[in-house]
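A predicted structure for the sequence below; I have some questions about it.
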2 protein chains.
Amino acid sequence: MNWQETLTEYAAGFIEGLVHSGVKEVVISPGSRSTPLAMLFVEHEDIQVYMNIDERSAAFFAMGLSKASDHPVALLCTSGTAAANYFPAVIEASLSRIPLIVLTADRPHELRDIGAPQAIDQLHLYGRYVRWFTDLALPESGKEMLKYAKSSAIRAASVAKGVLPGPVHVNFPLREPLVPNLQQPFHPDSNLSYPHISEGYLNIPLETYKEIADKCSTIEKGLIVCGNIDKPGFQEGVLALANSLGFPVLADPLSQLRSGTFDKDMVIDCYDTFLKSEGANEKLKPELVIQFGGQPVSKPLSLFLKGIRESAELLIIDGSGGWRDPNRAGTHMIHCDETVFCQQLNQLVEKKDGSTWKRLWTDLNRRTKNIIKSYIQSVSDMEEGKAVSLICDLLPPDCTVYIGNSMPIRDMDTFFHTNENNIRLMANRGANGIDGVVSSAIGAAVHCRPLFLLIGDLSFFHDMNGLLAAKLQKININIIILNNDGGGIFSHLPQAKEGENFELIFGTPTGLNFEHAAMLYNGQYTKAVEWEDLTVSIREAASNEGLNIIEVPTDRARNLQVHRGLWEQVSREINKYLQSDEIC
Amino acid sequence: MNWQETLTEYAAGFIEGLVHSGVKEVVISPGSRSTPLAMLFVEHEDIQVYMNIDERSAAFFAMGLSKASDHPVALLCTSGTAAANYFPAVIEASLSRIPLIVLTADRPHELRDIGAPQAIDQLHLYGRYVRWFTDLALPESGKEMLKYAKSSAIRAASVAKGVLPGPVHVNFPLREPLVPNLQQPFHPDSNLSYPHISEGYLNIPLETYKEIADKCSTIEKGLIVCGNIDKPGFQEGVLALANSLGFPVLADPLSQLRSGTFDKDMVIDCYDTFLKSEGANEKLKPELVIQFGGQPVSKPLSLFLKGIRESAELLIIDGSGGWRDPNRAGTHMIHCDETVFCQQLNQLVEKKDGSTWKRLWTDLNRRTKNIIKSYIQSVSDMEEGKAVSLICDLLPPDCTVYIGNSMPIRDMDTFFHTNENNIRLMANRGANGIDGVVSSAIGAAVHCRPLFLLIGDLSFFHDMNGLLAAKLQKININIIILNNDGGGIFSHLPQAKEGENFELIFGTPTGLNFEHAAMLYNGQYTKAVEWEDLTVSIREAASNEGLNIIEVPTDRARNLQVHRGLWEQVSREINKYLQSDEIC
């Protein structure tokens, strides 16, 4: 694809996204840098173009259009001070809550802040007066980038029309030559899916529910994916819906669906392991997925969802009006309270009987769990996978577990299985940092007792000062440090092959003896060097007062070996099963 | 003073500041909120007012005025989107480097972000396109606030004309009623001093040097104040100048003027102690002060400089073009390399002979030092003042001392006296935080050896994780922790009288035994519970390898008692001396 084709596809894709979102009018001020967008806007048959020479007037004119039509209106200008002339209208639109989509053409990155003509710093130009700002990538070809351009436009329009409507700002860097190929058609019917936004932000209309209910009724191969979500009533609501629809529920450890006395018949908790198998991936392709909560921990699940983008619909339900779709797999973005959504939909669907689809998932899940359990039984020396598995089995029936990021949360995904206890799981999964986890857990321990923090040694070190709060405020907490002396996760990543400086740059062993940290803060300390030690420590922990640190020394190489061994065995046995006559 | 008088004085003061800085023209767009400034601008006989209805045009018109006249031009508009209309010209002026002073009237704070008419968020409205932004206080009466208003205007003009000229933005909140009293005169000849800005940013012209030299020659009672400054050549330059002028040099511990083989005849190092005496304050009033470097640590010095604002000239020399004048005592702000300034001026002044003025300062300094030394001798139990004094005496002749903030830097000011060693002092005195000091010192220790960090227990705790770098990278550092188990400085402050919750909110004892921290990071550890222990530890420290921690346990109440005792004794003896016949 030559440059002109690339430019055209990308810019046209963006415009299609706007049209798809109900944008019907654009107000353009003449300029050079904005050429590709201007020429393509004029070309689009569903777009009405208004030219307005003065950008200040243009923006206020657009506001009038939007106010009267109740549709978001786009604005387009060239780079430089032209964009600054929109500022008064952007402020007025912000305060009077009128949806405007401000498109500012920009110089490419290499011509910024270097004295080039008409190149000003347009990033965050309108400060906090816009509801959303994004600086687009320079035009590139390919399906992924076309999808990015389209969905950026859709998102811009969605935010502009959101619960607090107002202006949004999309900065559009463009390299010369700027003239698009007008022979290249638009692709309004492109099967490249992109999200439909629910009408009625946070209050979606009954018709939408009915449409979804009708669709779900005709579909056998449906799934529900629950990421990190901890809202009262949601668990009951989603499981009732899953039962009615006959859709298995892929439940992230932070979905709070793995532990509780509710019926867990539909809950799938070993998908992270069996979705590593290609055979399973092939057999399990759904037609429809309903997703709740934050991005699940599981990478195989992420790849699985990415792999069905062309074939399945994905409804993302977000009760806080965000845009959690890093796989760009969503076909519908539904801004609605998650519990309300489950309850409303459940009233409208007819209960289905058990299906082969559901059996396939639950069979695979049960078999995988059995393999995990027997494999882990066979591990003799201290190792993290088995440690986490053992800890999960030993936890008291009523407790809270705060999980460290990096490896611990991933191991919980593998080894924390459905149970009849009442175990609440917490983690810092907003930005997934290893920092501040000790303090967060100690804060949570004020309200949740007993509380276990399961954390790696680097993350523990990073927030060791946080232990002072436990000492001074006499907070009870059990901290289990999985100490492999460094960054265990890097051994699983491609950089592990960089032999020479791996330990220096990634491994970063500290060689610390955490017994001293325990003593510094008057904590109890146990080093679990045998499985028996760990068992005893965990059993005693629930009734401990104050700060209690259990260190589990492990070896990074051994951890890697055990994890790999487990995954290989599961893949082998699952593939054998899938090829057997046992399944239809 | 009634509201109208307050409003008028404050707004007129601001305008006088502009006029003083060479502003001759203002472009005003009509509006209500800007009424007091608009009416007073018109009233001022040295100001030419141009009315321009459209703020966008007004700003570009002002730019033309400024471009052609080479003077900064002021702009004035009312609150709301009016201000946003300046944005295109602000950007153009920023990139083409034209000095503009943008004055935007604003609603008072209580009417912001609450849906009031014409009230938008004007803070940082022009983002990074202005060289400086300030949101002024609401008009208040009194000398201090008048000085604040005037000097804010002077600073705005100075920054606009700076080494990178451009627009500045002053947001001016105003409460109703808005009409000023036009019978109230301007005070262009007010003896309320405010800074004259040096011409020729960073390259001040020879005439300015000559003027300063002439002035210095006629003055006997001159002083040089050196705060935190560590630039090659400066020490020699400033001492040579001081010798020529016969001006004593008040040398902050971070001025690097207290230790070295250079002639320290002019160096005053006990001013923090004897300036606590009212008698000394009275006797020592200078006519002229030249100040270099960051704000000195000494609070008595700060008060002393504040006290001479009406009677003395204060030249602030800043080689980085900043505005370090928290006492608002500066009469001249000279942006010029400090060493160049000393050298140039020294060439133009004639060498004066020793004077009674110089003798008065050096006598007082010597007497104070003797009192400190004998007082400290008499202290028997472990106490911080004596500890710091002892440490200063024991330091090896070539070393670096990194000083913690809060009490340690203040104690160094009191107890680190001139010496023939070569001791370099460092501290984090940008924002004076107690955080990150351990890591900063360990970083410095990579290049400076031996290095001693002298730090309080809270500051040490705060950055304890920083010790890992010393362990892993095998960096040699001696850390002396003055451990009074909590925040010692608060005992010196008024909140110390709040008995009941003082320990909870301010004292914040941690009760930590830092031996565990030393062990965690494989450090050597000594607890100096007797003076003899401290002496031995410091003597051995210089040759130690790796991390070496010396903990000095002290008692906050005792520390306070000793400090107070010392100051009382100095005050008593100094006052006696000043009233005696020994001095003229």
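Done, it's in.

Looking at the stretch 301-450 of chain A, which residue is nearest chain B?
residue A:435 (10.7 Å; Cβ to the nearest Cβ). C-beta here means a position set from N, CA and C on the backbone, and glycine is covered the same way.

can you list the residues of chain A near chain B?
Taking Cβ under 8 Å from any Cβ of the partner chain as the contact definition, chain A meets chain B at A:56, A:80-81, A:84-85, A:87-88, A:90-92, A:95, A:120-121, A:124-125, A:127-129, A:461-462, A:464-465, A:468, A:471-472, A:510-514, A:516-517, A:519-521.

at 7 Å what do you get?
A:56, A:81, A:84-85, A:87-88, A:91-92, A:95, A:120-121, A:124, A:127-128, A:461, A:464-465, A:468, A:510, A:512-513, A:516-517, A:519-520 (Cβ under 7 Å from any Cβ of the partner chain).

hmm, back to that, pull the contacting residues for the residue of the stretch 301-450 of chain A closest to chain B.
A:462, A:463 (Cβ atoms under 7 Å, 6 or more residues apart in numbering or on different chains).

Would it be right to say that it lies in a strand?
No: counting by DSSP: H, G, I helix; E, B strand; the rest coil, residue A:435 is not part of a strand but coil.

any idea how far it lies from residue A:553?
23 Å (Cβ to Cβ, to the nearest Å).

Residues contacting stretch A:383-401, please?
Counting by Cβ under 7 Å, 6+ apart, A:376, A:379, A:407, A:411-412, A:414-416, A:421-426, A:444, A:448, A:450-452, A:454, A:480, A:482, A:484, A:531, A:534-535, A:538-539, A:542, A:552, A:554, A:558-559, A:562-563, A:566 sit against stretch A:383-401.

most centrally placed residue in chain A?
The centre of chain A sits closest to residue A:295, judged by Cα atoms, centre = their mean, with a distance of 2.6 Å.

how near is that residue to residue A:339?
20 Å.

do the same with residue A:106
Following Cβ to Cβ, the distance that separates residue A:106 from residue A:339 is 43 Å.

Compare the two and say which is more crowded by neighbours.
Using other Cβ atoms under 10 Å in any protein chain shown, the more surrounded residue of residue A:106 and residue A:339 is residue A:106, with 27 against 19.

Not counting its neighbours along the chain, what's nearest the more buried one?
residue A:173 (4.5 Å; Cβ to Cβ, 6 or more residues apart in numbering or on different chains).

Residue A:112 is in contact with the one you found, correct?
No: between residue A:173 and residue A:112 there is no contact under Cβ atoms under 7 Å: 8.6 Å.

quick one, which of these two is more surrounded?
The neighbour count for residue A:173 versus residue A:112, taken as other Cβ under 10 Å, is higher for residue A:173 (21 against 16).

Pull the contacting residues for that one.
A:106, A:107, A:108, A:109, A:136, A:138.

State the distance from it to chain B.
18 Å (Cβ to the nearest Cβ, to the nearest Å).

and that residue, what are its phi and psi?
phi -70, psi 140 (degrees, to the nearest 10).

where along the stretch 251-400 of chain A do the helices fall?
Secondary structure of the stretch 251-400 of chain A (DSSP state H, counting those that start in this stretch): helices at A:271-274, A:278-283, A:299-307, A:338-348, A:356-377, A:384-394.

As TSV, those with mean pLDDT would be great.
Converted to TSV, the helices of the stretch 251-400 of chain A look like this (pLDDT from 0 to 100):
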stretch	mean pLDDT
helix A:271-274	97
helix A:278-283	90
helix A:299-307	95
helix A:338-348	95
helix A:356-377	95
helix A:384-394	96
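
Which of those helices sits closest to residue B:19?
helix A:338-348 (63.2 Å; Cβ to Cβ).

what ranges do the strands span in the stretch 401-550 of chain A?
A:422-427, A:451-456, A:477-483, A:524-527, A:547-553 (DSSP state E, counting those that start in this stretch).

Which among those strands is found nearest to residue B:229?
strand A:451-456 (45.1 Å).

Parallel or antiparallel, which strands does that closest one pair with?
Using DSSP bridges, the strands paired with strand A:451-456 are strand A:398-403 (parallel), strand A:477-483 (parallel).

and the angle for the first one with helix A:384-394?
Read it as strand A:398-403. 160 degrees (axes from the mean of the first three to the mean of the last three Cα atoms, to 10 degrees).

Kindly report the same for the longest one.
In terms of direction (the same axes, to 10 degrees), strand A:477-483 departs from helix A:384-394 by 160 degrees.

returning to that earlier point: got a PyMOL select line for the buried ones in the contacts of stretch A:383-401?
Restricted to buried positions by 16 or more other Cβ atoms under 10 Å in any protein chain shown, the PyMOL selection for these reads:
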select buried, chain A and resi 376+379+407+411+412+414+415+416+421+423+424+425+426+444+448+450+451+452+454+480+482+484+531+534+538+542+552+554+558+559+562+563+566
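
low pLDDT regions in the stretch 1-150 of chain A?
By pLDDT under 70, the stretch 1-150 of chain A contains no weakly predicted segment.

for the longest helix belonging to chain A, the distance to its chain's centre please.
Counting residues, the longest helix found in chain A (DSSP state H) is helix A:556-579. Computed by Cα atoms, centre = their mean, to the nearest Å, the chain-centroid distance of helix A:556-579 equals 26 Å.

packing partners for that helix?
Identification of packing neighbours for helix A:556-579 by 3 or more Cβ pairs under 7 Å, 6 or more residues apart in numbering or on different chains; DSSP states H and E yields helix A:271-274, helix A:278-283, helix A:356-377, helix A:384-394.

what are the ranges of the strands in the stretch 151-300 of chain A?
Using DSSP E, counting those that start in this stretch, strands in the stretch 151-300 of chain A cover A:167-173, A:196-197, A:222-226, A:249-251, A:267-268, A:288-292.

Thank you kindly, that will do.
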